[in-house]
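A.B. asks: model the following, please.
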Amino acid sequence: MSAAITVEHLYVSYHGNEAIKDVSFSLAPGNLVGVIGPNGAGKSTLLKALLDLIPKDKGNITYFDKSIAEIRKQIAYVPQRNDIDWTFPITVLDTVLLGTYPKLGLFRRPKKEQREWAYQCLERVGMEAFSRRQIGELSGGQQQRVFLARALAQQSEIFFLDEPFVGVDLASEETIIAILKQLKDSGKTIIVVHHDLNKASAYFNQLILLNRELISFGPVEDVFRPDILARAYRGEFSFMKELGVGL
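C.D. replies: Presented below is the predicted three-dimensional model:
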């Protein structure tokens, strides 16, 4: 089977400043991958470049040996919460229903079958009781669960989530990671921008350690080591005490 994602010599810049430099990796299907690194390391930039949401300077990105244009319907994206307009007048169920649109085809509208599927996705994240609420009425954790349900409604092969655990309650975080692990076990590929190193080894089976350049990529046990982490965090060792590891 071809790689789910292949990245070759990716470069991205903002206003002439290099944000991502010469990043390459190949990711097999059926992995739950955390993208970690210090603030300003380019984690979200990497995600957006992979999704073709921002231009790249150079490099090649393929999904199952195809371009993103050819496979976009198989890719789901959960953005950061602060990138979403929570005042938009849309209900929880209709938000999830949007996830069915990519596979409906041009000018087709969702029918009973799609609405039932969207409701099932809400049930999976434990949000069916809120189906008629406006999304702005929800807590941060509830909002994140709804957007995960929307991603599930797409029935995609590849999932991208940008900081999904920021500002959410513990119950929502546990629900989200449990579903992501289920997706991994079913052969899906999930990439998550993540900032909490304390949970990285428990949440992911592979890590991308980034600081503008790719510092390390591979199984958690190979990447989540003090000597490797120190190369990314450049002497900022205060987090090591929190992790319970020494140098």
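A.B. asks: surely Trp157 meets Gln74?
C.D. replies: Small correction: residue 157 is Glu, not Trp. Yes - if you go by Cβ atoms under 8 Å, Glu157 and Gln74 touch, sitting 4.4 Å apart. C-beta here means a position set from N, CA and C on the backbone, and glycine is covered the same way.
A.B. asks: what residues are bridge-paired with the residue nearest the centre of the chain?
C.D. replies: In the chain, the C-alpha nearest the mean C-alpha coordinate belongs to Leu161, at 1.8 Å (Cα atoms, centre = their mean). Counting by DSSP bridges, Leu161 forms beta bridges with Val78, Val192.
A.B. asks: quick one: it and Leu93, what's the gap?
C.D. replies: 21 Å (Cβ to Cβ, to the nearest Å).
A.B. asks: buried stuff in whichever strand or helix holds Ala171?
C.D. replies: Per DSSP states H and E: Ala171 is located in helix 170-185. For helix 170-185, burial by neighbour count (16 or more other Cβ atoms under 10 Å) applies to 172-173, 175-177, 179-180, 183-184.
A.B. asks: widest-spaced pair of those?
C.D. replies: Comparing all pairs in the buried residues of helix 170-185 by Cβ to Cβ, the longest separation belongs to Ser172 and Lys184, at 18.8 Å.
A.B. asks: run through the chain and note the low-pLDDT ranges.
C.D. replies: Residue ranges of the chain with pLDDT under 70: 1, 105-107, 235-247.
A.B. asks: can you pull out the strands in it?
C.D. replies: 5-14, 17-27, 32-36, 58-62, 75-78, 158-162, 189-193, 206-211, 213-219 (DSSP state E).
A.B. asks: any idea which of the ones you listed gets closest to Lys199?
C.D. replies: The nearest among those, by Cβ to Cβ, is strand 32-36 at 8.9 Å.
A.B. asks: partners of that closest one, with directions?
C.D. replies: strand 189-193 (parallel), strand 206-211 (parallel).
A.B. asks: buried stuff in the first one?
C.D. replies: Buried residues in strand 189-193, counting neighbours by 16+ other Cβ under 10 Å, are found at 189-193.
A.B. asks: extract the C-alpha set from it and format it as CSV.
C.D. replies: The C-alpha coordinates for strand 189-193 follow below in CSV (Å, rounded to 0.1, in the frame of the first residue of the first chain):
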residue,chain,number,x,y,z
THR,A,189,-4.5,8.4,9.3
ILE,A,190,-4.6,11.3,11.8
ILE,A,191,-2.3,14.2,12.3
VAL,A,192,-2.7,16.4,15.3
VAL,A,193,-0.9,19.6,16.2
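A.B. asks: what are the contacting residues of that strand?
C.D. replies: In this structure, residues lying in contact with strand 189-193 by Cβ atoms under 8 Å, 6 or more residues apart in numbering are 4-5, 27-35, 43-44, 46-47, 50, 157-164, 180, 183-184, 203-204, 208.
A.B. asks: give me the buried entries from those.
C.D. replies: Looks like those have 4-5, 27, 29-35, 43-44, 46-47, 50, 157-164, 180, 183-184, 203-204, 208 buried, using 16+ other Cβ under 10 Å.
A.B. asks: distance from stretch 120-135 to the middle of the chain?
C.D. replies: Here stretch 120-135 is found 21 Å from its chain centre; the criterion is Cα atoms, centre = their mean, to the nearest Å.
A.B. asks: now do that stretch: distance from first to last residue.
C.D. replies: 18 Å (Cα to Cα, to the nearest Å).
A.B. asks: repeat that for stretch 21-32.
C.D. replies: By Cα to Cα, one end of stretch 21-32 lies 23 Å from the other end.
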